[in-house]
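*Asks:* I'll drop the sequence and a predicted model, then ask my questions.
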Amino acid sequence: MRPVRVLGAAIVTAAVTLAAGCGGDGKTKTPESGAATVTVQAGNGAVAVPAHPKRIVSLSPTHTETLFAIGAGSQVVAVDSLSDYPSGAPKTQLSGFKPNAEAVIKYRPDLVVLSNDMDGIVKALEKVKIPVLLEPAAAKLDDAYDEIDDLGLATGHAAEAKKVTDGMRADIQKTVAASTKGKGLTYYHELDNQLHTVTSETFAGQVYGLFGLRNVADAADKGSGGYPQLSREYLVKKDPDLIFLADTKCCGQNAAALAKRPGFQDLRAVKDGGVVPLDDDLASRWGPRLPQFVKAIGDAVQKTR
């Protein structure tokens, strides 16, 4: 079973077991085609779900992407208001941050998938016998793969989920192998234009670490759980080689806007073309499009002088 942590650094998942249990060799069994339920070990414990749920509600953009990527899209009847990919997902006004149990129940779900247990939503749904899978933000790459496997098991698409994770691993390995210029370069990853950022301990930070990049924010992390807010003076002094903007959508940031900030026009990244605009969603989700985030980093690394 994977450890559970509070969202902010990231979090769980778990070894998957089925209602049939494990064999004598200790290996997890795959669900039998005629099984009525399967049991998935998630952040909220062992959860029995229908072997082939037909009315899934997703309150997590990452998990919405996963459900469609593994072929379970036709089983999804509603997704939250922030689930903007794929475009065909049945987007609603449901919220994963301010969830309303009654609103969710109206969709008559036989499975609800979420990444945060806000306002006691898990217990509220469990109280009315609705299966809930809590699959929180990944703390490391293996967590991301495990959660995709969990959703594959829970929806009757275990083989498709494995194909997705195998493809992700291969794509990421290929990108990292082709990006040879990253070791020793420094970087800053911007979450918003108030200079909130991530450290190497976070999921995003570990992705950057695949390339041997050094995070300028690590020394500033004092009790912030991996998400410190830097001062302008600190960042100017650190003068990173690369600046990744994960606030292009939320805050309208780009290289030109960054250069207009006081003192930033002389930063090495600004002068040498090392400011990299990212898709906010790709940079904040840990699902099947993760290789695209990795590719954006790899491309930027190879372009450094």
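*Replies:* Arrived safely.

*Asks:* Please count neighbours and contacts with C-alpha atoms only from this point.
*Replies:* Noted.

*Asks:* What about residue 88, how many residues nearby?
*Replies:* When counting by other CA atoms under 10 Å, one arrives at 9 neighbours for residue 88.

*Asks:* give me phi/psi at it?
*Replies:* phi -90, psi 0 (degrees, to the nearest 10).

*Asks:* what's near enough to touch it?
*Replies:* The contact partners of residue 88, by CA atoms under 8 Å, 6 or more residues apart in numbering, come to none.

*Asks:* I'd like the distance between it and residue 78.
*Replies:* When distances are taken as CA to CA, to the nearest Å, residue 88 and residue 78 turn out to be 11 Å apart.

*Asks:* swap in residue 283?
*Replies:* Between residue 283 and residue 78 the distance, using CA to CA, works out to 24 Å.

*Asks:* so what's residue 302 up against?
*Replies:* Contacts for residue 302 (CA under 8 Å, 6+ apart) come out as 179-182.

*Asks:* could you point out the longest helix in the chain?
*Replies:* What stands out as the longest helix in the chain, according to DSSP state H, is helix 158-178.

*Asks:* Please export the C-alpha coordinates of it as PDB.
*Replies:* Coordinates of the C-alpha atoms in helix 158-178 are reproduced here as PDB (Å, rounded to 0.1, in the frame of the first residue of the first chain):
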ATOM      1  CA  ALA A 158      -6.700  -2.900 -16.700                       C
ATOM      2  CA  ALA A 159      -5.000  -3.900 -20.000                       C
ATOM      3  CA  GLU A 160      -5.600  -0.500 -21.600                       C
ATOM      4  CA  ALA A 161      -4.300   1.300 -18.400                       C
ATOM      5  CA  LYS A 162      -1.100  -0.800 -18.600                       C
ATOM      6  CA  LYS A 163      -0.700   0.200 -22.300                       C
ATOM      7  CA  VAL A 164      -1.000   3.800 -21.300                       C
ATOM      8  CA  THR A 165       1.600   3.700 -18.500                       C
ATOM      9  CA  ASP A 166       4.000   1.600 -20.600                       C
ATOM     10  CA  GLY A 167       3.700   4.300 -23.300                       C
ATOM     11  CA  MET A 168       4.300   7.100 -20.800                       C
ATOM     12  CA  ARG A 169       7.400   5.400 -19.400                       C
ATOM     13  CA  ALA A 170       8.800   4.900 -22.900                       C
ATOM     14  CA  ASP A 171       8.100   8.400 -24.000                       C
ATOM     15  CA  ILE A 172       9.600   9.900 -20.800                       C
ATOM     16  CA  GLN A 173      12.700   7.800 -21.000                       C
ATOM     17  CA  LYS A 174      13.200   8.700 -24.700                       C
ATOM     18  CA  THR A 175      13.000  12.400 -23.900                       C
ATOM     19  CA  VAL A 176      15.400  12.300 -21.000                       C
ATOM     20  CA  ALA A 177      17.900  10.200 -22.900                       C
ATOM     21  CA  ALA A 178      17.800  12.800 -25.800                       C
END
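
*Asks:* for the chain, which spans come out with low pLDDT?
*Replies:* In the predicted model, the chain carries pLDDT under 70 at residues 1-35.

*Asks:* Okay, strands next: where are they in it?
*Replies:* In order along the chain, the chain carries the following strands (DSSP state E): 37-42, 45-50, 56-58, 76-79, 111-114, 132-134, 186-190, 214-215, 242-245, 275-277.

*Asks:* Just name the most buried of those.
*Replies:* Each of those was given a mean neighbour count from mean count of other CA atoms under 10 Å, and the largest, a mean of 27, is that of strand 56-58.

*Asks:* Buried residues, the longest helix of the chain. List them.
*Replies:* 158, 160-162, 164-165, 168, 171-172, 175-176 (16 or more other CA atoms under 10 Å).

*Asks:* could you pull out the helices for the stretch 201-305 of the chain?
*Replies:* For the stretch 201-305 of the chain, applying DSSP state H, counting those that start in this stretch gives helices covering 203-209, 232-238, 255-259, 268-271, 280-284, 290-303.

*Asks:* Correct me if wrong: residue 48 contacts residue 42.
*Replies:* No: in this structure, residue 48 is not within contact of residue 42 by CA atoms under 8 Å, at 10.4 Å.

*Asks:* Please name the residues that touch residue 258.
*Replies:* For residue 258, the contacting residues are 264-265, 270, taking CA under 8 Å, 6+ apart as the criterion.
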